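[1] Got a predicted model here, sequence first, then my questions.
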Amino acid sequence: MLQSEREKMMTMQPHQTAYVQRCTFTRSGATTFLGHLDLMTCFERAARRAELPILYSQGYNPRPMMVFALPLGVGIETTSDYLDVSLNRPYDPEKFVSEMNTFLPLGLRILSSKAIPEPKESIMSIVTTAFYRFEAKGIREAMKKAFDQESLMVTKIAKGKEKQTDIRPLLLSLSQAPSDDPDTVDFYACAGSEKNVRPDLLLQSLTRYCGMNEEVAENTRVVRMGLFSGEYPRIIPISEVKVRPVEAKPAEKTETASGENTENASGENTENEGR
Amino acid sequence: MKTRPVPLSKSDLMKVESPARYVGGEFNAVIKEEMLEELEKTGKTSYLRFAFCFPDIYEIGMSNLALQILYHVLNDDPHIGCERAFSPWMDMDALLREKNIALYSQETKTPLCDFDVLGFTLGYEMCYTNVLQMMDLGKIPLLSKDRGEEDPLICCGGPCAYNIEPMADFFDIAMMGEGEEMILEMCEKIREYKLSKETDHPISRAQLLKNLDAIEGLYIPSLYEVTYRKKDEVKAGEPYGALLHPLSGDVKTTIKKRIIKDLDTCSYPTAPVVSNLRVVHDRSYLEVFRGCIRGCRFCQAGFIYRPVREKSVEVLCEQGRLLEKNTGYDEMGLLSLATSDYTHFPELAENLLSTFEGHHTSLSLPSLRLDSFSLDLMEKVQSTRKSGLTFAPEAGTQRLRDVINKNIKEEDIFSALRLAFMGGWSTVKLYFMLGLPTETDEDVLGIADLAKRIEKLYFDIGRETGRKMRRLDITVSTSLFIPKPFTPFQWEKQDVKEELIRKQRLLKDNLRSRNIRYAWHDFDSSVWEVVLARGDRRLSPVLLEGYKSGLYFDAWDDHFQYGKWLEILEKHGLSIEDFSREFSEDEALPWDHISVGVNKKFLLSERHQAYSETTTPSCREHCSGCGAASFGVGECFSKRNAMKENKEVLENAAE
């Protein structure tokens, strides 16, 4: 088969219905030090080892269709993060959880899963808020100071350039509990693709403006304890967000595509469905 | 499974590049729970604790097949607990020194000094000082003579172990050949030694080394001493060169490498450790056969891995199926010295492809030979985009290809490329060597000529077919010839640097074209590689001083400091010339006491064949009597038995 024919074959595959498992996962231990891309690879490989009927993206380089609600930076643990896994057939969520957990490396675990229709809005786009726990000596006092500041300018390095941004407006609220422990603090902050607080930058601001020792800041245990959708304070956990299903693809279009004029149709499909 | 904490704070880990390298926790990693319980209760264990050490960074070590094979062989033994350790990168190296924390294993974070044995795999000479780095960071005395009864035993294996003389002062044991059986025999003796410490009759370390010497394939450098005599220092007719003397009469004088006779029944890691971090070769490996039928005269692998032994298609398909399932990798590499020389290659490839059907798993086929190139197969296995085609003619003219016994004909190159270009390929990589024995300027210019004719072929095809052709991309790469032990070229000199630079310029000046790129290999590291590859025991103090002055990660161009090495070498009264010169055919070579099966007489006759520009047929066509048939297995052996001919050769081989 020539390359050109192969390309045609690949782009001609009709759209497949996705049966999505929306799962809640945790990470701790050794896997905490993985970057986000490596973390994704770990989930992909576990799903492949479990021989789950994963749906692959189309195009030249098909990848398992897995979408994470929010990237997890190196060094951040989580007790509930979210992930959408697309399968090619309906699957029992409980079985999905146990299969995945058998094959995930130590430190990664799926807590629960829910079968949902292919969502209209990507899981990434609905995240607005994250709930974090920081653990470090005197962290509660430092965070209180941070919330009292009018602005918290931090230096962000993006594409090799330094950029100053104010993250104070992105801090939402400091949680009261557990108030008896001066070394633990929970808080809500903006999260998602539009407005997002990076824990490392927040810690940077604590050393700059709130008198926190640099080494203590660097040793802070960072745990993401929840991700939410909606406008703060009226937020709901991602797992409880009602999913609007994607509109069904016009069936007749796919039919004509595989019909008489193959060459033309394949061109159309590339445009419409190439990812 | 119990996890043990990394002995470093989070902030420390976050400061180093890729902290995930240093924390373990990979899928399929083995932790012996019972051993840990024993240790917790009594502080001791009856298990033999083995640290498999890879003297380079994690991402490279985790791509190594020897590590995966022996890790599982060792852990399949109920009395052994094998863990992994890697060379920490410079940032982590500095951190461990600063905090005075011993280099630890991936699995249980145990300091290396608490293991019973450290086993290093040596795939390339430039990692030698990283061995010292790992031992030093692991808080183990570097010199074998300084290690006492309580210190771990340090052993090594892999292709570089065949001439371990430059590292002789550091290793207690070197394993010659394939380790699957030998390593268990060795461990049994060491465990006996360990357990005897608890009894009234402890075995001494000296006695242990003697016991180990009795195992075929094990070489104990400390049981020998070497004297170095130049020809003019001895009387005519007396032996000269590197003269090895056993220190007592009961030590073996020849160490013969070990091989696995039947690869089908030999254990193979179908559930290898899967890195959480993406590594250099991020795929699973299916080893197809060992040895090579070809016998290119510069190629060490072609001789040290003889005889050729294949696995059956049935076994390979089953192992392939398990590997895919147990790892989750979306790519599987077929591994051997020349994949397309596998007798049942088409059957194997088709079988695996049908197993992977619908799984989005692709096959990677490195080292496909040009003369058995099959475009159809390449099309089938490349599930995704077309990558480049890679050919290794090694020399620019047919004359020089005959000298090195690279049996590729130009017609084959061109007919294969014609097919490939017609099929839409447009990226070609060509590998050559500069500085080969008998090389002239004509041979160097032949490289440029070949590249240009390939360029012309591409555009001719465009004209013939009237097709719009993509941009052509030819890369010509040259490495430098390095004479290696156990090859017909082991006696050859290495060209001096000035001459090599001149040849490289000559080639560069003649390769000017917008479609051709030229890439070349660094001289200095190739020169140093010759020193280590053909070196002897006089280099141990040099390596020690080099390490102590911070010279390691030599395999990394940015870290290799040729000038400093040269300085240290000269300070020890040695020169590059001592190791890069032409060796005499009658002098004793530093590795003469090691037998890889291929005998010296054969290597010598091959050298002479090279000078008369005569090729030697492959082992499949005709047995040339190299000596490897003395193992009593292999393709050549069975063929000869079947034919019952050439009796004389057989007798020679039995020598």
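    Noted; the coordinates are in hand.

[2] quick one: B:Phe391 is in a helix?
    No. Read with DSSP: H, G, I helix; E, B strand; the rest coil, B:Phe391 is strand and lies in no helix.

[3] Thought B:Tyr431 was touching it, still the case?
    Yes. Counting by Cβ atoms under 8 Å, B:Phe391 touches B:Tyr431, with 7.1 Å between them. Any C-beta I mention is one placed from the backbone N, CA and C, and that applies to glycine too.

[4] The two: who's more crowded?
    B:Phe391 (22 against 15; other Cβ atoms under 10 Å in any protein chain shown).

[5] how about the residues of the stretch 1-150 of chain A near chain B?
    In this structure, the stretch 1-150 of chain A approaches chain B at residues A:1-4, A:6, A:29-31, A:33-35, A:37-38, A:41-42, A:44-49, A:51, A:56, A:60-62, A:64, A:74-75, A:103-107, judged by Cβ under 8 Å from any Cβ of the partner chain.

[6] For those, which ChimeraX command selects only the ones that are buried?
    Only the buried entries of these go into this ChimeraX selection, using 16 or more other Cβ atoms under 10 Å in any protein chain shown:
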select /A:6,29,30,31,33,34,35,38,41,42,44,45,46,47,48,49,56,62,64,74,75,103,104,105,106,107
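
[7] among the residues of the stretch 1-150 of chain A next to chain B, which are in strands?
    Using DSSP state E, no member of the residues of the stretch 1-150 of chain A next to chain B falls within strands.

[8] Please name the nearest non-neighbouring residue to A:Phe25.
    Leaving aside its chain neighbours, A:Phe25 sits nearest to A:Ile110 (4.9 Å; criterion: Cβ to Cβ, 6 or more residues apart in numbering or on different chains).

[9] Mind checking what secondary structure the one you found has?
    Secondary structure for A:Ile110, judged by three-state DSSP, is strand.

[10] was I right about it contacting A:Arg22?
    No. Counting by Cβ under 8 Å, A:Ile110 stays clear of A:Arg22, with 10.8 Å between them.

[11] do you know how far B:Ile260 is from chain A?
    29 Å (Cβ to the nearest Cβ, to the nearest Å).

[12] for residue 177, what are its contacts?
    Picking chain A for this. Neighbouring residues of A:Ala177 by Cβ atoms under 8 Å, 6 or more residues apart in numbering or on different chains: A:Asp186.

[13] right idea, wrong chain: chain B
    Going by Cβ under 8 Å, 6+ apart, the list of residues near B:Gly177 reads B:217, B:257-259, B:596.

[14] Same check on A:Phe134?
    Counted by Cβ under 8 Å, 6+ apart, A:Phe134 has contacts A:143, A:184-185, A:187, A:199, A:203, A:220-223.

[15] So, low pLDDT: which residues of the stretch 301-450 of chain B?
    Residues of the stretch 301-450 of chain B meeting the criterion pLDDT under 70: B:367-387.

[16] Which one of the residues in it is closest to chain A?
    The nearest approach of the stretch 301-450 of chain B to chain A comes at B:Gly328, 3.2 Å away (Cβ to the nearest Cβ).

[17] Walk me through the domains of chain B.
    For chain B, automatic domain parsing gives the domain ranges B:10-175+B:179-217, B:260-384, B:386-524.

[18] Test my guess that B:Thr427 contacts B:Asp473.
    Yes. With contacts counted by Cβ under 8 Å, B:Thr427 reaches B:Asp473, the gap being 4.6 Å.

[19] And the two? Which one has more around it.
    A direct count of neighbours by other Cβ under 10 Å for B:Thr427 and B:Asp473 places B:Thr427 higher, at 16 against 13.

[20] Get me the contact residues on the stretch 151-275 of chain A for chain B.
    So far as Cβ under 8 Å from any Cβ goes, the stretch 151-275 of chain A lies against chain B at A:215, A:218-221.

[21] hang on, isn't B:Phe583 packed against B:Trp491?
    Yes. Assessed by Cβ under 8 Å, B:Phe583 is found in contact with B:Trp491 at 4.4 Å.

[22] Pick out the residue in the stretch 101-250 of chain B sitting closest to chain A.
    Closest point on the stretch 101-250 of chain B to chain A, by Cβ to the nearest Cβ, is B:Gln106, at 9.3 Å.

[23] what about that residue, neighbour count?
    The number of residues near B:Gln106, taken as other Cβ under 10 Å, comes to 26.

[24] Ramachandran angles for the spatially closest residue to it that is not a sequence neighbour?
    Nearest residue to B:Gln106 in three dimensions, chain neighbours excluded: B:Gly24, at 3.8 Å (Cβ to Cβ, 6+ apart). Main-chain dihedrals, B:Gly24, degrees, to the nearest 10: phi 70, psi -150.

[25] Roughly how far does B:Gly24 sit from A:Pro105?
    10 Å (Cβ to Cβ, to the nearest Å).
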